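Sequence first, then the predicted structure, then my questions.
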There are 2 protein chains.
Amino acid sequence: MSQVLVEVWRGPLIESVHRGDLAVVDVRGELLYAYGHATRVTYARSAAKPLQLVPLLETGAAAAYGLSDQEIAVCCASHNGEDSHVETVRGLLRRAGIPESCLRCGVHPPYYAPAYEGVLRDGGDVLPIHNNCSGKHAGMLLLAQHLGADLDTYLDPDHPVQKKVLQAVSELTEVAADEIVVGTDGCGLPVFGLPLRNLALAYARLGQPDGLSPGRRAALARIRDAMMNHPHFVAGTDRFCTRLMEAAPGSVVAKVGAEGVYCVALPELGWGLALKIDDGNSRAAYPTVVEALAQMQALPSSAVSELAEFHRPMLTNHQGKVVGQVVPNFRLESMHV
Amino acid sequence: MSQVLVEVWRGPLIESVHRGDLAVVDVRGELLYAYGHATRVTYARSAAKPLQLVPLLETGAAAAYGLSDQEIAVCCASHNGEDSHVETVRGLLRRAGIPESCLRCGVHPPYYAPAYEGVLRDGGDVLPIHNNCSGKHAGMLLLAQHLGADLDTYLDPDHPVQKKVLQAVSELTEVAADEIVVGTDGCGLPVFGLPLRNLALAYARLGQPDGLSPGRRAALARIRDAMMNHPHFVAGTDRFCTRLMEAAPGSVVAKVGAEGVYCVALPELGWGLALKIDDGNSRAAYPTVVEALAQMQALPSSAVSELAEFHRPMLTNHQGKVVGQVVPNFRLESMHV
């Protein structure tokens, strides 16, 4: 059974707890640290986005359409739906001559509350382009067009784009394609059920792709650098992914997934981390990630301090008064003897 | 350790799970059913609201201000911030001559998304009156005025209103006042840390207060009937509390609390139920409550059917396609030999 990672204190009582599993591996797939079950199978959700983008670069589509680093970053994003994100995705589609109406990601309010309020106050509508996944979908539309494949059915697991994506995910995680559990994501795309340590391996390789084929190496290095150089485009204002990458420039590639998934690449160390919170709540993922990185001494202490509001966030009430705190409370198991 | 109550399926995989504890007692406090730890101490959060309202009735304040049943119900509510709720709370304050600016509950967007969107599209502001707790706060302001006490400091645990509330909660739950763990709620009021079985006892008595003093009996019966007769005012459109009470008229009094708390009174049986989800997510509380009531045969099967979307809710993605399901999976332990 999974172990407690995070306690939620209110006054003198632990009000809630969050359990989960975590794995850290190196580029050879060797398990370095764990908590709970490193082989637990879970959906990668949006933490798969950087991996899902690999075929866009490997096929030459990204070069053909002249993608900028900001555009690469937003294609890996679970973005806030801020104007900067929306305009970047719009620009990408416009340059490829693909109508916005081709996006099949569906609609949810922008994550960033001021962006949502702005749309409503302006009398506008929330659109698929505001969906946090719109960059990923735009990237897949570009790839479909580059391949001469159908634009309408790009969500379909049998579509040429999705076949290429599954193949890349399989090779990067070293899980046979027919052993990857496939479900459907909130945005309609296939999601990939994988053991945590295999997901961590793909992130180790994202950070340090040196041993792979030249095409894959170049694709991963471009994605890694685009995310680290443009953290705002991977998430946005006040978001943990953005703040974590900003706190340790060049040392961390970080990506959230829905239902309490989180993945980190540590390029300098060649390590990858994958985390799943049992109950799916990301409020436990962020403190766990900062605490795990601190325990592994993978972040400078100044970065840990800068991330205090994510590491041990205060609970405030609707008057802004502090009424409690979210506190990680675990000790990583080191596999080094 | 708490046990799994609810599984969240996506495609062929359990993606997330929720653990928790549950207790069901009769009006004498005898434990009838349990799952996990019936004596686990947790904050009642908003499930305490019907109990917190008792002094307003016992002191004669409710009669002095001529409170209607709808107004009683909204004073127990975690309401949606719909116009019906806002206008009912406004009417109550107006009749007592208490300015809306006396509400100290703070501000959050109305729970009901169309109500929030309506405020923004109309160019309005989200106000304390939209806070789900505004009815409870209005009731406390009325009680403060009735007692001749200060209106500005009614949140303070030492305020005459809060002393009366703590005393009532202590007597109803049979936990000594100095053994109740006190924290601060999202709305600034004291919250009460209690063993689940004691919280369940207070709900058993709310449903069947016959053995208590005449004043308390009358207060609880009025609150019980107001909630059952006006379920919309206890929560609102599309909300589980409202739908559960509507599905079994006269058989259930139901109230959610934050962080995965849920309480139910079963007046015909004289039973009370209290539930805490470990991780604080209410998405697990609703399926657990329907399943527990079904296992105890405390709901007609037609009511269980009517509540299917809360009992085993489908997960849909942003295109409206079903991608998974939330499924309760536990067996209550019966204490009957």
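Looks like it arrived, so ask away.

Mind telling me which residue is nearest the centre of chain A?
Nearest to the geometric centre of chain A sits residue A:255, at 2.7 Å (C-alpha atoms, centre = their mean).

Quick check: that residue touching residue A:45?
No: contact criterion C-beta atoms under 8 Å: residue A:255 and residue A:45 do not qualify, at 9.7 Å. Glycine gets a C-beta too; all of them are placed from N, C-alpha and C.

Do a quick rundown of the helices in the stretch 201-337 of chain A.
A:214-229, A:231-234, A:240-247, A:282-295, A:301-306, A:308-311 (DSSP state H, counting those that start in this stretch).

Out of these, the one nearest chain B is which?
helix A:282-295 (7.8 Å; C-beta to the nearest C-beta).

Might you list the low-confidence residue ranges for the stretch 201-337 of chain A?
The model of the stretch 201-337 of chain A has pLDDT under 70 over residues A:337.

Residue in it with the shortest distance to chain B?
residue A:318 (2.6 Å).

any idea how far that residue lies from residue B:109?
Separation of residue A:318 from residue B:109 (C-beta to C-beta, to the nearest Å): 11 Å.

go on, residue A:250?
For residue A:250, the distance to residue B:109 - C-beta to C-beta - is 38 Å.

do residue A:75 as well
For residue A:75, the distance to residue B:109 equals 31 Å [C-beta to C-beta].

Neighbour count for these two, which is higher?
residue A:75 (33 against 18; other C-beta atoms under 10 Å in any protein chain shown).

Any chance of the helices of the stretch 201-337 of chain A in CSV with mean neighbour count as columns?
Converted to CSV, the helices of the stretch 201-337 of chain A look like this (neighbours: other C-beta atoms under 10 Å in any protein chain shown):
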stretch, mean neighbour count
helix A:214-229, 20
helix A:231-234, 26
helix A:240-247, 22
helix A:282-295, 23
helix A:301-306, 14
helix A:308-311, 16
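
Can you add distance to chain B and give the ones you listed back as CSV?
Shown next, in CSV, are the helices of the stretch 201-337 of chain A (distance: least, C-beta to the nearest C-beta, whole Å):
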stretch, distance to chain B
helix A:214-229, 24
helix A:231-234, 20
helix A:240-247, 19
helix A:282-295, 8
helix A:301-306, 25
helix A:308-311, 18
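
Please look at residue A:181 and residue A:41 and confirm they touch.
Yes: if you go by C-beta under 8 Å, residue A:181 and residue A:41 touch, sitting 6.5 Å apart.

which neighbours do these two share?
A:193, A:194, B:13 (C-beta atoms under 8 Å, 6 or more residues apart in numbering or on different chains).

separation between the second one and residue A:254?
If you measure residue A:194 against residue A:254 using C-beta to C-beta, the figure is 18 Å.

Could you pull up phi and psi at residue A:211?
Torsion angles at residue A:211 (phi, psi; degrees, to the nearest 10) stand at phi -80, psi 0.

and it, how many neighbours?
The local packing of residue A:211 (other C-beta under 10 Å) involves 11 other residues.

Equivalent analysis for residue A:297, please.
Counted with other C-beta under 10 Å, the neighbours of residue A:297 add up to 10.

what sits against it?
Per C-beta under 8 Å, 6+ apart, neighbours of residue A:297: none.

same thing but at 10 Å, please
Listed by C-beta atoms under 10 Å, 6 or more residues apart in numbering or on different chains, the contact set of residue A:297 reads A:269, A:304.

Ok, residue A:156 next?
Shown here is residue A:156, whose contacts under the criterion C-beta under 10 Å, 6+ apart are A:104, A:150, A:162, A:163, A:188, A:189, A:190.

Tell me how far it lies from residue B:5.
36 Å.

Same check on residue A:144?
Distance from residue A:144 to residue B:5, counting by C-beta to C-beta: 43 Å.

who's in contact with residue A:154?
The contact partners of residue A:154, taken as C-beta under 10 Å, 6+ apart, are A:102-104, A:137, A:140-141, A:143-145, A:160-162, A:188-189.

closest to residue B:60 among those residues?
Distance to residue B:60, by C-beta to C-beta, is smallest for residue A:188 among the contacts of residue A:154, at 58.8 Å.

Figure out the helix or strand that the residue of the stretch 151-300 of chain A found nearest chain B lives in.
Nearest residue of the stretch 151-300 of chain A to chain B: residue A:183, at 2.9 Å (C-beta to the nearest C-beta). Assigned by DSSP states H and E, residue A:183 falls within strand A:181-184.

Could you export that strand as PDB, CA atoms only?
Extracted in PDB, the C-alpha atoms of strand A:181-184 (Å, rounded to 0.1, in the frame of the first residue of the first chain):
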ATOM      1  CA  VAL A 181      -2.400   0.700 -21.000                       C
ATOM      2  CA  VAL A 182      -4.300   3.100 -23.100                       C
ATOM      3  CA  GLY A 183      -7.200   5.300 -21.800                       C
ATOM      4  CA  THR A 184      -8.600   8.600 -23.000                       C
END
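
how many other residues sit next to residue A:49?
Using other C-beta under 10 Å, residue A:49 is surrounded by 25 other residues.
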